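Participant: Make a model of this:
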Amino acid sequence: MADITYIAILSGFVYLAVILDLFARRVVGYALSRNIDTALCLQAFRMALARRRPPAGVIHHSDRGVQYASHDYVEALLANGFRISMARKGNPYDNAAAESFIKTLSLISLLCMVAVRVNQQDRGSYPYLSL
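Facilitator: From the prediction side, this is the model:
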(Lines give C-alpha, C1' and ligand atoms only; values in the text may rest on other atoms or scores of the structure.)
Protein backbone atom coordinates (compact mmCIF):
# COMPACT_ATOMS: atom_id res chain seq x y z
CA MET A 1 0.00 0.00 0.00
CA ALA A 2 1.50 3.33 -1.04
CA ASP A 3 0.82 6.98 -0.31
CA ILE A 4 2.43 10.43 -0.27
CA THR A 5 2.21 13.21 2.29
CA TYR A 6 4.10 16.33 3.19
CA ILE A 7 5.95 16.95 6.43
CA ALA A 8 6.50 20.40 7.88
CA ILE A 9 10.11 21.21 8.69
CA LEU A 10 11.67 24.41 9.98
CA SER A 11 12.53 25.60 6.47
CA GLY A 12 9.18 24.72 4.88
CA PHE A 13 8.17 21.17 4.04
CA VAL A 14 9.24 17.99 2.25
CA TYR A 15 7.25 15.24 0.59
CA LEU A 16 7.33 11.71 1.95
CA ALA A 17 6.40 8.68 -0.14
CA VAL A 18 5.81 5.49 1.85
CA ILE A 19 5.13 1.88 0.97
CA LEU A 20 3.53 -0.22 3.69
CA ASP A 21 3.53 -4.00 3.92
CA LEU A 22 0.08 -4.63 5.35
CA PHE A 23 0.86 -8.26 6.19
CA ALA A 24 3.97 -7.36 8.20
CA ARG A 25 2.39 -4.08 9.37
CA ARG A 26 5.47 -1.98 8.72
CA VAL A 27 7.02 0.53 6.38
CA VAL A 28 9.15 -1.27 3.81
CA GLY A 29 10.03 1.68 1.58
CA TYR A 30 10.16 5.43 1.90
CA ALA A 31 11.69 8.46 0.22
CA LEU A 32 11.89 12.18 1.02
CA SER A 33 12.10 15.01 -1.50
CA ARG A 34 11.18 18.63 -2.00
CA ASN A 35 9.51 17.52 -5.26
CA ILE A 36 6.32 15.49 -5.50
CA ASP A 37 6.99 13.46 -8.61
CA THR A 38 7.27 9.94 -9.95
CA ALA A 39 10.97 9.82 -9.04
CA LEU A 40 10.03 10.19 -5.36
CA CYS A 41 7.63 7.23 -5.54
CA LEU A 42 10.08 5.11 -7.55
CA GLN A 43 12.76 5.69 -4.93
CA ALA A 44 10.42 4.40 -2.19
CA PHE A 45 9.41 1.48 -4.42
CA ARG A 46 13.02 0.48 -5.06
CA MET A 47 13.74 0.52 -1.32
CA ALA A 48 10.72 -1.71 -0.70
CA LEU A 49 11.89 -4.13 -3.40
CA ALA A 50 15.38 -4.32 -1.94
CA ARG A 51 14.10 -4.87 1.59
CA ARG A 52 11.35 -7.42 0.91
CA ARG A 53 11.98 -9.08 -2.49
CA PRO A 54 8.29 -9.94 -2.88
CA PRO A 55 7.15 -12.85 -5.04
CA ALA A 56 5.26 -12.28 -8.29
CA GLY A 57 1.57 -11.59 -7.85
CA VAL A 58 1.79 -9.34 -4.79
CA ILE A 59 -0.81 -6.57 -4.88
CA HIS A 60 0.43 -2.97 -4.91
CA HIS A 61 -2.38 -0.64 -3.84
CA SER A 62 -2.35 3.15 -4.02
CA ASP A 63 -4.61 6.08 -4.63
CA ARG A 64 -5.02 7.44 -8.15
CA GLY A 65 -2.33 10.09 -7.83
CA VAL A 66 -0.53 10.98 -11.05
CA GLN A 67 2.73 9.66 -9.63
CA TYR A 68 1.31 6.16 -9.13
CA ALA A 69 -0.55 6.19 -12.46
CA SER A 70 2.49 7.39 -14.42
CA HIS A 71 3.90 5.23 -17.19
CA ASP A 72 7.27 4.81 -15.42
CA TYR A 73 5.73 3.72 -12.12
CA VAL A 74 3.26 1.30 -13.72
CA GLU A 75 6.07 -0.19 -15.83
CA ALA A 76 8.21 -0.70 -12.70
CA LEU A 77 5.34 -2.50 -10.98
CA LEU A 78 4.63 -4.76 -13.95
CA ALA A 79 8.32 -5.50 -14.55
CA ASN A 80 8.55 -6.77 -10.96
CA GLY A 81 5.44 -8.95 -11.12
CA PHE A 82 3.06 -6.78 -9.09
CA ARG A 83 -0.70 -6.76 -9.52
CA ILE A 84 -1.87 -3.15 -9.61
CA SER A 85 -4.79 -1.96 -7.50
CA MET A 86 -5.92 1.65 -7.24
CA ALA A 87 -8.52 3.26 -5.02
CA ARG A 88 -11.81 4.29 -6.51
CA LYS A 89 -11.90 7.94 -7.51
CA GLY A 90 -12.64 10.18 -4.53
CA ASN A 91 -12.79 7.30 -2.03
CA PRO A 92 -10.10 7.59 0.69
CA TYR A 93 -11.53 4.53 2.46
CA ASP A 94 -10.01 2.29 -0.22
CA ASN A 95 -6.58 3.37 1.01
CA ALA A 96 -7.52 3.53 4.70
CA ALA A 97 -4.42 1.83 6.13
CA ALA A 98 -2.07 4.22 4.34
CA GLU A 99 -4.24 7.23 5.22
CA SER A 100 -4.24 6.17 8.88
CA PHE A 101 -0.46 5.81 8.89
CA ILE A 102 -0.08 9.25 7.25
CA LYS A 103 -2.43 10.83 9.82
CA THR A 104 -0.41 9.34 12.70
CA LEU A 105 2.83 10.51 11.12
CA SER A 106 1.39 14.00 10.60
CA LEU A 107 0.36 14.19 14.26
CA ILE A 108 3.86 13.16 15.37
CA SER A 109 5.36 15.75 13.02
CA LEU A 110 3.07 18.45 14.45
CA LEU A 111 3.99 17.54 18.03
CA CYS A 112 7.70 17.70 17.16
CA MET A 113 7.25 21.14 15.56
CA VAL A 114 5.37 22.37 18.66
CA ALA A 115 8.15 21.06 20.91
CA VAL A 116 10.79 22.84 18.83
CA ARG A 117 8.82 26.11 18.93
CA VAL A 118 8.30 25.89 22.69
CA ASN A 119 12.00 25.19 23.13
CA GLN A 120 12.92 28.16 20.91
CA GLN A 121 10.51 30.53 22.67
CA ASP A 122 11.40 29.48 26.16
CA ARG A 123 15.01 29.20 27.24
CA GLY A 124 14.65 28.60 30.97
CA SER A 125 11.34 30.06 32.15
CA TYR A 126 8.09 28.14 32.36
CA PRO A 127 7.09 27.07 28.83
CA TYR A 128 3.68 27.98 27.50
CA LEU A 129 1.96 27.00 24.33
CA SER A 130 -0.31 29.11 22.20
CA LEU A 131 -1.93 27.41 19.23
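
Participant: where does this structure have low pLDDT?
Facilitator: Where the chain drops to pLDDT under 70, the residues are 90-131.

Participant: Looking at it, which strand is longest?
Facilitator: strand 12-21 (DSSP state E).

Participant: what residues does that one touch?
Facilitator: With C-beta atoms under 8 Å, 6 or more residues apart in numbering as the test, strand 12-21 has contacts from 1-7, 26-36, 40-41, 43-45, 47-48, 52, 67, 97-98, 101-102, 105. Where C-beta positions appear, they are placed from N, C-alpha and C, glycine not excepted.

Participant: What strand or helix carries residue 72?
Facilitator: Per DSSP states H and E, residue 72 falls inside helix 71-79.

Participant: Just the buried residues of that helix, please?
Facilitator: For helix 71-79, burial by neighbour count (16 or more other C-beta atoms under 10 Å) applies to 73, 76, 77.

Participant: Packing partners of it?
Facilitator: Counting contacts by 3 or more C-beta pairs under 8 Å, 6 or more residues apart in numbering; DSSP states H and E, helix 71-79 packs against helix 38-52, strand 83-86.
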